[in-house]
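[1] mind looking at a prediction? Sequence and model below.
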Amino acid sequence: MSVLTIETTPIQGQKPGTSGLRKTTRTFMGTHYLENFVASIFGAIGGAEGKTFVLGGDGRYFNDRAVQVILRMAAAEGAARVIVGQGGILSTPAASNLIRTRGTDGGIILSASHNPGGIDADFGIKFNGPNGGPAPESLTAKMHDLTMRIIGYRIWEGADVDVSSLGETSCGEMTVEVVDPVDDYAELMEELFDFSALKALFAGGFTMRFDAMHAVTGPYATEILERRLGAPAGTVMNGNPSPDFGGGHPDPNPTWAKELMDVMMGSDATDFGAASDGDGDRNMIVGKGAYVTPSDSLAVLAANATLAPGYANGLAGVARSMPTSRAVDRVAEALGIEAYETPTGWKFFGNLLDAGKVTLCGEESAGTGSDHVREKDGLWAVLLWLNILAARKISVAEIMADHWTSYGRNYYSRHDYEAVETDKANALLERLEAKLSDLPGTIVQGMTVEAADQFAYDDPVDGSRSEGQGVRVMFEGGARIVFRLSGTGTQGATLRVYLEDRVEGPEGLDRPADEALQTIVAAADEIAQIHEMTGRDKPDVTT
Ligand code: G6P
Ligand code: ZN
């Protein structure tokens, strides 16, 4: 057995998006496709020789084969050790944790996150650096550049590595260490949260449903909620992971987590409901009859974080992605801490977290997290909510009402137009950009435009600048509309329209969001001519 050098040629389109390289599964299964990209990852980080990596994925279709390919390529490149989750499985936050606690040179995560899995669905791969966080743009650009120039890659020729049993084995001269995917992560959660208070909560009859959506969090949630915290069996629903996520769409929002939403809005509602996505980094929070938007969830977590032991000393600062509602900014203001606004993509939080400028961060796309890892973390958000509920002893709906009374409310919704023809979507944004400078001062649906721009971010830590991150239209009185194209889709373009209105209260704090946002929705269509430019008369998904 030996190292083979395989000739290859560049494959177009291997450009990482918001979160790694994400394509259809069949694309990844194509000749040299995965190999070319993996070789480019190793090339971009200056080679794999002597290095240690973490490897795992969300268990979707092709995860098992990809693990074997990556192990053999790492072995051929002279890597010293790869730490693999048993069965090739690791949730994204668990991988981030292992990368950090084991002091590795980074890790490779196999996932297309919330996109469906299966041979006719999606697959993805991304590299996270030694800090446990997604590679910054400078590094992903290098990877892409190498994919355009690749002429060959090396791979160890040998039998499959057995990743089904715990312990050490090898691949060529490289050590492969198979670890329990849940253990280290569960221990980290025990350090951050008051597990005895949570046990007491469940022992006192508190009920919840956690929807793992047939994805990676099944084993994590069962271990933590049912085994360690004593929640009754059956608390975790859809807890058996499957390669196609039970044929579903593992995206925790009211549209795709409908089964859970139906429970929580019905007469059998439990005290608390939550869901996570394919790879375990997203979360949805819902109380009895009360859906909590991700933006509001971030604000509530920031306002109440000190109730959990891991955050008892207070927050250094908070960060949110630009399209996320500005609800958390109000909390930061009240706490006297900094609130940072970054482009969409968790990778932009990395520098702020590493520099100790922020403790908590979150995105409208159902991601919340903290400095405990360098990824967003679904179960972490659920446990922090539980810790807050255990300490405050009031319902989710009461927490929300109290929050809005204290800070005012940012009504919020996101409208997605999926698989729009790329040229139509580009034309819409180009047209919008061209008229940005004319918008201020104009009146749209009775609201005066205060400012309009294309968002650019200057990273306060490394000074890098990221441009073209989305069009923002701000109105007098605090309403805002943001338009941007998704960086995670695999078919055509997805136009995202983020709608926000600000109500100071005390009147008007408890209206249904769609009703409260009607004027903003009409304004978005008037400004961007969505209907005319895309031919769509309504969004495909509303969250
Ligand atoms: C992934 C990233 C997030 C991002 C989300 C939406 O989950 O990790 O950081 O917010 O995708 O991105 P998109 O470009 O599709 O709006
Ligand atoms: Zn995800």
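    Alright, I've got the coordinates. Numbering: from 1, shown residues only. Ligands and ions are numbered 1, 2, ... in the order given.

[2] so what's Leu55 bridging to?
    Val84, Ile108 (DSSP bridges).

[3] residues near Ile45, how many?
    By other Cβ atoms under 10 Å, the residues close to Ile45 number 19. Where C-beta positions appear, they are placed from N, C-alpha and C, glycine not excepted.

[4] show the pLDDT at it.
    Per-residue pLDDT puts Ile45 at 97.

[5] next up, the contacts around it.
    Listed by Cβ atoms under 8 Å, 6 or more residues apart in numbering, the contact partners of Ile45 are 105-106, 127, 139.

[6] let's see that with 10 Å instead.
    By Cβ atoms under 10 Å, 6 or more residues apart in numbering, the contact list for Ile45 reads 51, 53, 105-106, 127, 129-130, 135, 139, 142-143.

[7] I'd like the residues you listed laid out as TSV, including neighbour count.
    Formatted as TSV, the contacts of Ile45 follow (neighbours: other Cβ atoms under 10 Å):
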residue	neighbour count
Lys51	20
Phe53	28
Asp105	18
Gly106	21
Phe127	24
Gly129	20
Pro130	17
Ala135	22
Leu139	18
Lys142	17
Met143	25
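
[8] for the residues you listed, which one is nearest ligand 1?
    Ala135 (12.2 Å; Cβ to the nearest ligand atom).

[9] now that closest one: how far from ligand 2?
    16 Å (Cβ to the ion, to the nearest Å).

[10] heads up, I number from 50, so please use that
    Right, with 50 as the first residue, what we last looked at is Ala184.

[11] name the nearest residue to that residue, sequence neighbours excluded.
    Phe176 (4.9 Å; Cβ to Cβ, 6 or more residues apart in numbering).

[12] next: Arg441.
    Arg441's closest residue in space is Ile448 (Cβ to Cβ, 6+ apart), at 6.7 Å.

[13] now do the contacts for whatever residue of the stretch 50-199 of the chain ends up closest to ligand 2.
    Of all residues in the stretch 50-199 of the chain, Ser162 sits closest to ligand 2, at 3.1 Å by Cβ to the ion. Ser162 makes contact with 67-69, 71, 107, 109, 141, 171, 173, 175, 264, 299-300, 326-331, 414, 416, 537, according to Cβ under 10 Å, 6+ apart.

[14] and what of Ala501?
    Here Ala501 is in contact with 481-482, 484-489, 491, 520-524, 530, 576 (Cβ under 10 Å, 6+ apart).

[15] which strands or helices does the host helix or strand of Ala270 pack on?
    Under the criterion DSSP states H and E, the helix or strand holding Ala270 is helix 266-270. Helix 266-270 makes packing contacts with strand 130-138, helix 141-150, helix 232-241, strand 257-260, strand 285-286, strand 321-325, helix 427-441 when contacts are defined by 3 or more Cβ pairs under 10 Å, 6 or more residues apart in numbering; DSSP states H and E.

[16] could you identify which of those is most buried?
    strand 321-325 (a mean of 29; mean count of other Cβ atoms under 10 Å).

[17] now it and helix 427-441, what's the angle there?
    160 degrees (axes from the mean of the first three to the mean of the last three Cα atoms, to 10 degrees).

[18] would you confirm that the residue nearest to Ala184 contacts Ser68?
    No - using Cβ atoms under 10 Å as the test, Phe176 is too far from Ser68 to be in contact (11.1 Å).

[19] can you tell me the SS state at the residue in the stretch 100-249 of the chain positioned nearest to ligand 1?
    Nearest to ligand 1, among the residues of the stretch 100-249 of the chain, is Ser162, at 5.1 Å (Cβ to the nearest ligand atom). Put simply, Ser162 is coil when judged by DSSP: H, G, I helix; E, B strand; the rest coil.

[20] that one and Gly336, how far apart?
    25 Å (Cβ to Cβ, to the nearest Å).

[21] swap in Glu382?
    From Glu382 to Gly336 the distance is 26 Å (Cβ to Cβ).

[22] sweet, I'm off.
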